[in-house]
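Novice: What would the 3D arrangement of this be:
(chains A and B)
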Amino acid sequence: MKRKRNSIRNHSAESALFIRRSIVFFLGILFAVGILVTNLYYLQINSFDTYKTRSNANRISVQTVPPNRGLIYDRNGVILAENRPVYSLQVIPNKTKHLESDIERLASLLSLSEDELSDFKSKNRYSRSFKAITIRDQLTPEEVAKFTVNQHLYRGFSIQANLKRFYPFGNAFTHVLGYIAKINSRDLEKIEERGERARYQGTHYIGKLGIERYYEDILHGQPGQRQVEVDSWGKVIRTLNFTAPTPGKDIKLNIDINLQLKAQELLGDNRGSIILMDARDGAILSLVSAPSYNPNLFVTGISSKKYKELLESKDRPLINRATQGRYPPASTIKPQMALLALDEKVITEETKIFDPGWWVVPNSKRRFRDWKRWGHGLVDVFHAIEQSCDTFFYDTSYKLGIDRIEPFMRLFGFGEYSGLDIAEETKAIMPSRDWKRTRFNQPWYDGDTISIGIGQGYWTVTPIQLTKATAMLAKRGQNIKPHILNSIISAEETITPEYEVTQAVKLHSDRYWDVALEAMQGVTSKRRGTAYRSFGDAPYTVAGKSGTAQVINIKEDEVYDAEKISERHRDNAMFIAFAPFESPEIVVTVVLENAGGGSSNAAPIARALFDEYFKEKTSEASTPEPGL
Amino acid sequence: MVSTQAQKSIFYRLHIDPYLLLGLLALMSISLTVLYSVGGYEMLYRQVTRLAIALTAMIFIAQIPPEWYQRWTPAIFLICVLLLVAVLVMGHTGKGAQRWLDLGFTKFQPSEIMKLIMPLMVAYYVSQYTLPTRFKEGFIALLLIVIPTLLIAKQPDLGTSILVASSGIFVLFLSGISWLYIGLALAAVLAFIPILWYFLMLDYQRGRVLTLLNPEADPLGAGYHIIQSKIAIGSGGLWGKGWMQGTQSQLEFLPERHTDFIFSVFSEEFGFMGVLLLLSIYLLLIGRGLWIANQAQDAFTKLIAGSIILTFFVYVFVNIGMVSGLLPVVGVPLPIVSFGGTSIVTLLAGFGILMSIHTHKRFNIKR
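Specialist: Model (predicted):
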């Protein structure tokens, strides 16, 4: 150690000093403890009688009464999430006469399993005798009846009614509604952060995903309070004061049950996603992600084995593909690309390019193939969109460059959150020079732009982004905010939020919109259009665009099953469309993983959905009952 | 402190002080007894896990010789201050207060480490000079204390900043700074109180102090906790109501029964005699700690040992003072007994340092 001041250190003097100071402190500590002890003596010995009396008279206890959670309806008023009464059997051990023999008799009455019995025994061992123990959680009506008839034989046993969340349509709405589940320590932390601990007292469940999570604040409600008089063992004698809880508000969704079930049916065993949205205001009519799972499992508490199964399934049912699935947009973004090219005067309506079946980067030998091997011949912008000609867009995007493409596509919502009222959403990737520099520490190459031109390469989008972008095409650049919530309903009022519509994309001429949209109509109505086979005979007008994406899987970390590789490497099929062409009402996005070509696989599904939508519009459709 | 040669050598070689260990185990047994009473088997189990982790940390730290601490103290202190700045700039906001730094895999609270490193740093600095510490060194040491304290107070975390500041100030006191300066500082603090009250405190803060002075003024509101706590303690009487028989705690009149107000539960169920037993254990631990400090071989280790044990007493005093209505409720746990993870690890790490000091002697002092 360095000696900065005195080279000679008097250790014994230092020790003596330290001992003196220590003694001073120890005396100080004794003095402080003396104060504590005096105060405690005063409390426990001198004032014992006073406090003992006060403790015995301490009979007013304040209990929290949790609010009922708000219900969720579809746009027709069909209930999608409800609270069902469930009955549980409880016992307060010190109120029974012969606990062991009672339990044995009960075991034969309700045929309790070995597990339930041993579970009860361990609970009984480790809990205080005046606390209720649950024997069975969900009694069937028969069991309730059986027990009620014999109740007089079982002193100390009782049936408690509680409300439990129930999703009558099971897996059809999981990716919209999400679910509620038991509050865990992470939720508790968040509740504390928001300073809402008092509000969640007595509440055991909280929204974990989807609408249940996003609108937790609205659905939850405010707890009430009950001031009760209790006896010296805590048993409630009477209620002195009761403030009723304010139940959570009900929520009406824009989702249409018929369209939702139809979409789910059409998806079948495919992995993928379907979204139907009102083009005029962004109301989501249907949002499906497949495969799905039963949300009711999570309400009652899913077994870890089952959860592991869901978590590790290579079909990834837990992922909401509509908002979290990242797919290359493929040819579905060609209309936007054409718009940009027209607006930047890179092409005109009359520009024609010869497509021999491939395209070469100028001054290099690198070839990019068209999907049509023998080429499309001489193509203009209409032809290029209708037939989804790749060569035309290789050339166009090369001329545009990524620095013009990226900001323009962001205006359509690519690479941004869609604003949907579901918290589980990814922005996917709208690549740029900076992005590639940060992500891979590599410069941007021309070849990268060429792939972007046909919606491949680094570019990924989510189905909800595609839906929003299609609606913005249909509404000629108006910013549409997708939303599932229709209105919030409480006893006093119904609130329907309004969404502001702004002009997000401004072009130099309105004619450019005409070109892109007419070409999209050509996709479905002209004989050469890629979706003519699905829409040629439609009784309404449709504008659409197909897309067939080479696969980059949703998750980079997916482990490949050797046997499945070939199937999982098949192309993703996509189709976006809106109808009617003249005054757009509805937008459809269909994404099917590894299903092959977009026009042959995804377009027929879009057609079926449009049919359903227009059929429902003309006739009063009946609302289905939950199929359970 | 007589021990047989064999006993001493085994523990000595393991770098464990048997007396401290015994005292700590006694406190832990009390903790588990009370926790079982308020929280049942589950809480007992959770606390056992935490205690196991904390004990492991203590034993690990006891293996590191004090020279190592001395070498690394300035660097760790500096890093810690930087982390505190980082927390203020980009920390994770929990409960409206920024205390946590998100490291990706874990969230981490630099102020908790500051509790340990503060006395080490001040001791490191003042032990460079001969004791008693003079005015100039004392002043610089004060700056070392004030900067992190303000950083923590700004998070805002008043309870921790008080503990951090006092751990540093204890080192200064122990280093023999003149009573004149101590007196002057005290006078300055006392003079500051009226200014604080009339000009700096907000209404709600004044309200808390007033509640302390007269809890009965608002029995169902702000004064509720403190009244219920006093009823629990008072109704315990001489021998208490018996284990698991405390009506105040079992019927949930008491708030925070397993953390800050665990002393009230203990007093209710075990009475004044139980309280005396508990306080005796604390006093014995503190006495042993001070003895270790005096046995230490150089100024640095003496100072940190003394400061660690005195800070431990501050916990005890503030916690019991607040639940029995002597001090405002400021969220300081009853050391080792209260349920909780981080505070127990930090506390036992401190005891690990004490054991390290006591069992890494370079030469024998002739007494």
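Novice: only C-alpha atoms for contact and neighbour calcs from this point on.
Specialist: Will do.
Novice: low-confidence ranges in chain A?
Specialist: Applying pLDDT under 70 to chain A flags residues A:1-9, A:58-61, A:126-131, A:230-235, A:237, A:552-568, A:620-628.
Novice: what about the longest helix in it?
Specialist: helix A:11-41 (DSSP state H).
Novice: From chain A, how far out is B:Ile61?
Specialist: 23 Å (Cα to the nearest Cα, to the nearest Å).
Novice: That residue is in contact with B:Gly352, isn't it?
Specialist: Yes. Assessed by Cα atoms under 8 Å, B:Ile61 is found in contact with B:Gly352 at 5.2 Å.
Novice: So for those two, which residue has more residues nearby?
Specialist: Neighbour tally, B:Ile61 and B:Gly352, criterion other Cα atoms under 10 Å in any protein chain shown: the higher count belongs to B:Gly352, 28 against 21.
Novice: Enumerate every residue touching that one.
Specialist: B:Ala57, B:Met58, B:Ile59, B:Phe60, B:Ile61, B:Ala62 (Cα atoms under 8 Å, 6 or more residues apart in numbering or on different chains).
Novice: Report the rounded mean pLDDT for the strand or helix carrying it.
Specialist: Using DSSP states H and E, B:Gly352 maps to helix B:342-359. Mean per-residue pLDDT for helix B:342-359: 90.
Novice: hey, where'd the strands end up in the stretch 101-250 of chain A?
Specialist: Along the stretch 101-250 of chain A, counting by DSSP state E, counting those that start in this stretch, strands occupy A:133-136, A:157-166, A:180-182, A:205-207, A:221-222, A:224-230, A:236-243, A:246-247, A:250-253.
Novice: what's the second one in contact with?
Specialist: It stands for strand A:157-166. Residues from elsewhere that reach strand A:157-166 (Cα under 8 Å, 6+ apart): A:81-92, A:96, A:144, A:151, A:180, A:296, A:299.
Novice: B:Arg71: neighbour count?
Specialist: Residues near B:Arg71, counting by other Cα under 10 Å, number 12.
Novice: Would you pull up the residue in the stretch 401-550 of chain A closest to chain B?
Specialist: Nearest residue of the stretch 401-550 of chain A to chain B, counting by Cα to the nearest Cα: A:Arg439, 18.7 Å away.
Novice: For the stretch 201-350 of chain B, what lies in contact range of chain A?
Specialist: B:230-238, B:247-248, B:251, B:253, B:271-272, B:276, B:279, B:287, B:290, B:294, B:299, B:302, B:306, B:313, B:317, B:320-321, B:324 (Cα under 8 Å from any Cα of the partner chain).
Novice: A:Pro67 and A:Pro223, how far apart?
Specialist: Distance of A:Pro67 to A:Pro223, given as Cα to Cα, to the nearest Å: 5 Å.
Novice: any shared contact partners between those two?
Specialist: The contact sets of A:Pro67 and A:Pro223 overlap at A:Pro245, A:Thr246, A:Pro247 (Cα under 8 Å, 6+ apart).
Novice: Any idea how many residues pack against the residue of the stretch 251-400 of chain A found nearest chain B?
Specialist: Of all residues in the stretch 251-400 of chain A, A:Gly301 sits closest to chain B, at 18.9 Å by Cα to the nearest Cα. Residues lying near A:Gly301 (other Cα under 10 Å) number 11.
Novice: Kindly export the helix or strand where A:Pro407 lies (C-alpha atoms) in CSV.
Specialist: Element membership for A:Pro407, per DSSP H and E: helix A:402-411. The C-alpha coordinates for helix A:402-411 follow below in CSV (Å, rounded to 0.1, in the frame of the first residue of the first chain):
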residue,chain,number,x,y,z
ILE,A,402,-33.6,0.5,-53.0
ASP,A,403,-33.3,4.1,-51.8
ARG,A,404,-36.6,5.0,-53.6
ILE,A,405,-38.3,1.7,-53.0
GLU,A,406,-37.9,1.4,-49.2
PRO,A,407,-39.4,4.7,-48.1
PHE,A,408,-42.3,4.3,-50.6
MET,A,409,-43.1,0.8,-49.3
ARG,A,410,-43.0,2.1,-45.7
LEU,A,411,-45.9,4.5,-46.7
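Novice: right, and the helix or strand after it?
Specialist: helix A:433-440.
Novice: Can you give me the buried ones in the very next helix or strand once past that next one?
Specialist: Where DSSP H and E defines the elements, the next helix or strand beyond helix A:433-440 is helix A:446-453. The neighbour-count check on helix A:446-453 (16 or more other Cα atoms under 10 Å in any protein chain shown) flags A:Gly447, A:Asp448, A:Thr449, A:Ile450, A:Ser451, A:Ile452, A:Gly453 as buried.
Novice: Repeat that for stretch B:323-340.
Specialist: B:323-329, B:331-340.
Novice: ends of it, how far apart?
Specialist: So stretch B:323-340: terminal residues 17 Å apart, Cα to Cα.
Novice: Surely A:Leu209 touches A:Glu424?
Specialist: Yes. Counting by Cα under 8 Å, A:Leu209 touches A:Glu424, with 7.4 Å between them.
Novice: what about those two, which has more around it?
Specialist: Shown here are A:Leu209 and A:Glu424; by other Cα under 10 Å, A:Leu209 has more neighbours (21 against 17).
Novice: Report the contact partners of the closest residue to the more buried one other than its chain neighbours.
Specialist: Nearest non-adjacent residue to A:Leu209, counting by Cα to Cα, 6 or more residues apart in numbering or on different chains: A:Gly178, 4.3 Å away. Listed by Cα under 8 Å, 6+ apart, the contact partners of A:Gly178 are A:Gly207, A:Lys208, A:Leu209, A:Gly210, A:Ile211, A:Glu212, A:Arg213, A:Pro295.
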